[in-house]
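[1] Pasting the sequence and the predicted coordinates here, then a few questions.
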Amino acid sequence: MGKPKTYLTEETPLIFNGCVLTKKKNGDVHLHQKEQGKKIELVKVDDDDAAQQYIQQRARGAYIATICQPEATFDLSEAAQHKEPGKKEIIRLNKRLQWLMENLDRGLRYVPLDCKQFLDFD
């Protein structure tokens, strides 16, 4: 037997694909990541395993960017080009990771539109 159906309401957010969907009083729907952002850590530039940390944290950041913070996508795509990241690349990635950590509740906002307002469907 499957899970019982739940419906998105102002009082009942939904957990979906690692994200939280909330409905606002004005009808907007907000999507933000649930827990993945709490796992982000800055890469320690001088550590022996800095390259491994770089790969792990870049992947975490890319996951968040892909599902709900598209403004971070360019930096993380650029970071993926470096197979052997140096200090400069790690510092650049850390800048984006810091932004992600400071903006965990940032996400996508879906605004309901009245299509009749824009087009004539007669």
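    Okay, I see it. Treat the numbers as computed from the prediction; the structure is a model and nothing was measured.

[2] Return the helix or strand in the protein with minimum mean pLDDT.
    strand 14-16 (a mean of 88; mean pLDDT, DSSP states H and E).

[3] mind listing the helices for the protein?
    Assigned by DSSP state H, the helices in the chain fall at 50-68, 73-79, 87-102.

[4] Identify each buried residue in the shortest one, please.
    Residues of helix 73-79 classed as buried under the neighbour-count rule (16 or more other C-beta atoms under 10 Å) are 75, 76, 79. Any C-beta I mention is one placed from the backbone N, CA and C, and that applies to glycine too.

[5] In JSON lines: those, plus pLDDT and distance to residue 31.
    Shown next, in JSON lines, are these (pLDDT from 0 to 100; distance: C-beta to C-beta, whole Å):
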{"residue": "75", "pLDDT": "93", "distance to residue 31": "21"}
{"residue": "76", "pLDDT": "93", "distance to residue 31": "18"}
{"residue": "79", "pLDDT": "94", "distance to residue 31": "24"}
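
[6] picking that back up, pick the most deeply packed of the helices of the chain.
    Per residue and on average, the most neighbours among the helices of the chain fall to helix 50-68, with a mean of 19 (mean count of other C-beta atoms under 10 Å).

[7] Can you tell me the closest non-neighbouring residue to the residue nearest the centre of the chain?
    Taking C-alpha atoms, centre = their mean, the centroid of the chain lies closest to residue 64, which sits 2.7 Å from it. Nearest non-adjacent residue to residue 64, counting by C-beta to C-beta, 6 or more residues apart in numbering: residue 33, 5.2 Å away.

[8] Which pLDDT does the model give the one you found?
    pLDDT for residue 33: 87.

[9] so what's residue 35 up against?
    In this structure, residue 35 makes contact with residue 18, judged by C-beta atoms under 8 Å, 6 or more residues apart in numbering.

[10] and the gap between it and residue 109?
    Using C-beta to C-beta, to the nearest Å, one gets 20 Å for the distance from residue 35 to residue 109.

[11] Redo the helices of the chain as CSV? Include distance to residue 27.
    Formatted as CSV, those follow (distance: least, C-beta to C-beta, whole Å):
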stretch, distance to residue 27
helix 50-68, 19
helix 73-79, 27
helix 87-102, 28
